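>>> Structural data only, the sequence is not supplied:
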């Protein structure tokens, strides 16, 4: 949402107003939001896991990423902002570091596979995949350090997939993967 489309008063005014509502009115509002858009449903399911189909939530977000590279029909639209948004939305909704790392890895793998299948893309594409790899590396070096062993082989595979790809893309991926292995390979 851009600043031009925000309502006057912002969240503070809305919060004050909602604070006066009783529980049934708040639940009705959440229900209306749930029914309004699939994205809202995904967010609410992620935030309020029911214990059934918890993996389904992660798969929905993963599907939103993969769809930008390899849709069920046609060619990838490469609306990379939407794929990145899926990762942000999942993390915001769940706070799940393991799932967030999984989605970041899915983005990198999808990008590597896409360029392997379709050849040279453009600088914007490579920059996006590189920045997601950097985000994943930072997560694995920090809060999600203990998760590195489960991503080790997939990172090496992504590096191998990029071999021969131009724009310095393979070199960048190889450098990040090598640095991670050097720092975290003993875990």
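That came in fine, so what should we check first? Keep in mind that what you see is a predicted model, and the values were worked out from it rather than measured.

>>> List the buried residues of the helix ranked longest in the chain.
Longest among the helix segments of the chain by residue count, using DSSP state H, is helix 97-118. Of all the residues in helix 97-118, those buried under the rule 16 or more other CB atoms under 10 Å are 97, 99-115. Where C-beta positions appear, they are placed from N, C-alpha and C, glycine not excepted.

>>> Could you list every helix and strand that that helix packs against?
Helix 97-118 is packed against helix 54-69, helix 80-94, helix 123-141, helix 148-161, helix 169-184, with contacts defined by 3 or more CB pairs under 8 Å, 6 or more residues apart in numbering; DSSP states H and E.

>>> what about 6 Å?
The contact analysis (3 or more CB pairs under 6 Å, 6 or more residues apart in numbering; DSSP states H and E) places helix 97-118 against helix 54-69, helix 80-94, helix 123-141, helix 148-161.

>>> How far does the shortest one sit from its chain's centre?
Put plainly, it is helix 148-161. Here the centre of helix 148-161 is set off from its chain's centre by 17 Å, with CA atoms, centre = their mean, to the nearest Å.

>>> Could you pull up the residues touching the residue most central in space within the chain?
Geometric centre of the chain, nearest residue: residue 87, 2.0 Å, by CA atoms, centre = their mean. The contact partners of residue 87, taken as CB atoms under 6 Å, 6 or more residues apart in numbering, are residue 103.

>>> Compute the distance between it and residue 128, please.
Distance, residue 87 to residue 128, using CB to CB, to the nearest Å: 12 Å.

>>> Residue 135: how many residues sit nearby?
Applying other CB atoms under 10 Å, we find 17 residues neighbouring residue 135.

>>> For it, give its distance to residue 168.
Distance, residue 135 to residue 168, by CB to CB: 19 Å.
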